[in-house]
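Colleague: Prediction below, plus the sequence it came from.
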Amino acid sequence: MDNNFKLDLRTLPKEFSLLLEILKMENEDCLRLINNELLINIDWEKFLKLAIHHRVYPLIYSKLKKIDENLVPSEVIKSLYLEYKKNTFQMLHLSGEMEKISKMFNEDQIRMLFLKGPVVAADLYGDISLRTSKDLDILIPITDLERATELLLNLGYRKVTLAPFEIWKWRNHHETYIHPQKKINIEIHWGLHPRPTIEPSFNDLWERKRISSLTNYPIYFLGKMDLYLYLIAHGARHGWFRLRWLSDIDQIIRKKINLEKENVIKGNYEQYHLGKQASLLEGQALILTSQLLNTPINEENKVLTEGKRSRKLAQNALYYIREMTPVYSDPEDESPKYFKRNLLSLKSNLQKSFFINRYLFASKSQLQRFFYILNLFYPKSADVETLVLPNYLHFLYFPLRPFLWTWRKLGKHT
């Protein structure tokens, strides 16, 4: 096995390399040690775009706010500050709602665990302003879903209605609720990941929960090992197309959490987490963090970075990082932002679809691959939007799906 494996970073823009170097800075003096070539002919508008897309602008601002203006233009620092300030208010807004929801659910005897949001920001970075979050993700037992929905509706939230063929499909693991006045989204999860998957029961996760000191009212979130594995699986599922997810893993490792000595040790979590897939995805994450963010990897974990599949997955993830393109759990959740709608772009659309499917397929277990292929032939909401049929003819979407998919890739449907 080649122990000198290096990711091919040649396709990444210069501005991205500078972003990485700043993220690796331990203090403002380190910027003066950066290779001067990285600071020459920088497109600062592109740099800002990358920092905002990758959701690392709070960290970038915290590192650049004290540096000499001769190194970074003042207008760049000002733009970063404005984004940092908006995010701080957003995180405070979410923190207040998080405490309110937690109290309301607890009074109704609904156990809940926060998966992301301000509670994770405080845990990993020690400061909620240093991480971004656009919504609140909550895990509850599926038996409490009906009561949780009622509580949120009474609080003014509206449930996002799923399109035909999306309602209660076997692969669903969460529902989305939006508060039109507060501008807050809440995702209620009854599973950590899309189906099918093998994961701990809610009771197991609840036994390993932690209590956050972020708010006055007790707020519960995942145990250290469970959070680590959840963030790895979540980042891998999306191709790590935002550096924020890699930064989270970097923070966990740099805190020197001894994962093997937590409540769930490696020898046990494979029994009910992701099994061999866990090692595959953890290896991918460790390769990316160590080579992009200089994350220290101990000798015991280095073996995870030596697998061919992990290395290939890590290299493939650079495509999504470079293109700033999300990887959907369901590639048919096509966004016009990422798929061009014209005949000349047919080849580009097909290539993108092929690359997404290939990456997702490679990152799955054998069981997940079977259901993934099966799911490709299952009608999607995009099919309904392409061709509207009355309810009694919905069965026709199954044989028509290949033709409707091709029609969209030809750019005939907008």
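Modeller: Sure thing, it's come through.
Colleague: Is Asp137 located within a helix, as I assumed?
Modeller: No: assigned with DSSP: H, G, I helix; E, B strand; the rest coil, Asp137 falls outside any helix and is strand.
Colleague: quick one, what contacts it?
Modeller: Applying Cβ atoms under 8 Å, 6 or more residues apart in numbering to Asp137 gives the contacts Phe114, Leu115, Lys116, Gly117, His174, Ile186, Glu187, His189. Heads up, the C-betas are built off the backbone N, CA and C, glycines and all.
Colleague: Quick check: of those, which lies closest to Asn375?
Modeller: For these, the minimum distance to Asn375 (Cβ to Cβ) is 16.7 Å, reached by His174.
Colleague: ok, and for stretch 206-222, which residues are buried?
Modeller: Trp206, Arg208, Lys209, Arg210, Ser212, Leu214, Thr215, Ile219, Tyr220, Phe221, Leu222 (16 or more other Cβ atoms under 10 Å).
Colleague: Is the fifth one bridged to anything, and to what?
Modeller: So the one you mean is Ser212. Residues in a beta bridge with Ser212, per DSSP bridges, are Ile219.
Colleague: my guess is it meets Ile128, correct?
Modeller: No: between Ser212 and Ile128 there is no contact under Cβ atoms under 8 Å: 10.6 Å.
Colleague: overlap in contacts of the two?
Modeller: Ala122.
Colleague: What's the first helix or strand after the worst-scoring helix or strand of the chain on mean pLDDT?
Modeller: The weakest-scoring helix or strand in the chain, judged by mean pLDDT, DSSP states H and E, is helix 266-269 (a mean of 42). Helices and strands here follow DSSP states H and E; after helix 266-269, the next one along the chain is helix 276-293.
Colleague: returning to what we had before: of the buried residues of stretch 206-222, which pair is most distant in space?
Modeller: Every pair of the buried residues of stretch 206-222 checked by Cβ to Cβ; the farthest is Arg208 and Thr215, at 20.6 Å.
Colleague: ok, for Thr88, nearest residue in space, not its chain neighbours?
Modeller: Ser129 (4.2 Å; Cβ to Cβ, 6 or more residues apart in numbering).
Colleague: for the one you found, what are its contacts?
Modeller: Pro58, Tyr84, Asn87, Thr88, Met91, Ala121.
Colleague: Okay, now the unreliable bits of this structure?
Modeller: Along the chain, the parts satisfying pLDDT under 70 run over 1-3, 27-37, 68-69, 162-171, 196, 256-276, 327-357, 361, 365-373, 409-414.
Colleague: 80 - rerun?
Modeller: 1-4, 26-39, 66-70, 161-172, 195-198, 256-278, 325-385, 391-392, 394-395, 405-414 (pLDDT under 80).
Colleague: The closest residue to Phe16 other than its chain neighbours: helix or strand, and which one exactly?
Modeller: Nearest in space to Phe16, with sequence neighbours left out and distances taken as Cβ to Cβ, 6+ apart, is Leu50 at 5.7 Å. If you go by DSSP H and E, Leu50 is part of helix 44-53.
Colleague: which helices and strands does that helix pack with?
Modeller: helix 14-23, helix 57-64, helix 74-107 (3 or more Cβ pairs under 8 Å, 6 or more residues apart in numbering; DSSP states H and E).
Colleague: Please repeat the previous calculation with a cut-off of 6 Å.
Modeller: On a contact count with 3 or more Cβ pairs under 6 Å, 6 or more residues apart in numbering; DSSP states H and E, helix 44-53 meets helix 14-23.
Colleague: that's a strand at Ile186, yeah?
Modeller: Yes: under three-state DSSP, Ile186 falls within a strand.
Colleague: Got phi/psi on Tyr177?
Modeller: Note on Tyr177: backbone dihedrals following degrees, to the nearest 10 are phi -130, psi 140.
Colleague: pretty sure it contacts Ile186?
Modeller: Yes: in this structure, Tyr177 is within contact of Ile186 by Cβ atoms under 6 Å, at 4.7 Å.
Colleague: Report the separation between Ile253 and Val56.
Modeller: 17 Å (Cβ to Cβ, to the nearest Å).
Colleague: ok, and what's touching stretch 89-103?
Modeller: Gly117, Pro118, Ile128, Leu136, Ile184, Thr215, Tyr217, Ile219 (Cβ atoms under 6 Å, 6 or more residues apart in numbering).
Colleague: ok, and for that stretch, which residues are buried?
Modeller: Gln90, Met91, Leu94, Ser95, Glu97, Met98, Glu99, Ile101, Ser102.
Colleague: ok now it, how far from the chain's centre?
Modeller: Distance, stretch centre to chain centre, for stretch 89-103: 20 Å (Cα atoms, centre = their mean, to the nearest Å).
Colleague: for stretch 86-105, same thing?
Modeller: 20 Å.
Colleague: Can you report how many residues neighbour Met324?
Modeller: Neighbours of Met324 under the rule other Cβ atoms under 10 Å: 14.
Colleague: That one contacts Ala51, doesn't it?
Modeller: No: applying Cβ under 6 Å as the test, Met324 and Ala51 come out as separate, 11.7 Å apart.
Colleague: Of all residues in the chain, which one is nearest the centre?
Modeller: Nearest to the geometric centre of the chain sits Gly235, at 4.5 Å (Cα atoms, centre = their mean).
Colleague: Can you report phi and psi for it?
Modeller: phi -60, psi -40.
Colleague: So which residues of the stretch 101-250 of the chain form strands?
Modeller: 113-114, 135-139, 158-159, 174-179, 184-189, 210-212, 219-221 (DSSP state E, counting those that start in this stretch).
Colleague: Break the protein into its domains for me.
Modeller: Domain segmentation of the chain under automatic domain parsing yields 14-327, 328-414.
Colleague: So which of those is nearest Asp8?
Modeller: Per Cβ to Cβ, nearest to Asp8 of these: domain 14-327, 6.5 Å.
Colleague: any idea how far the closest one is from the chain center?
Modeller: What separates the centre of domain 14-327 from the centre of its chain is 6 Å, taken as Cα atoms, centre = their mean.
Colleague: Much appreciated, bye for now.
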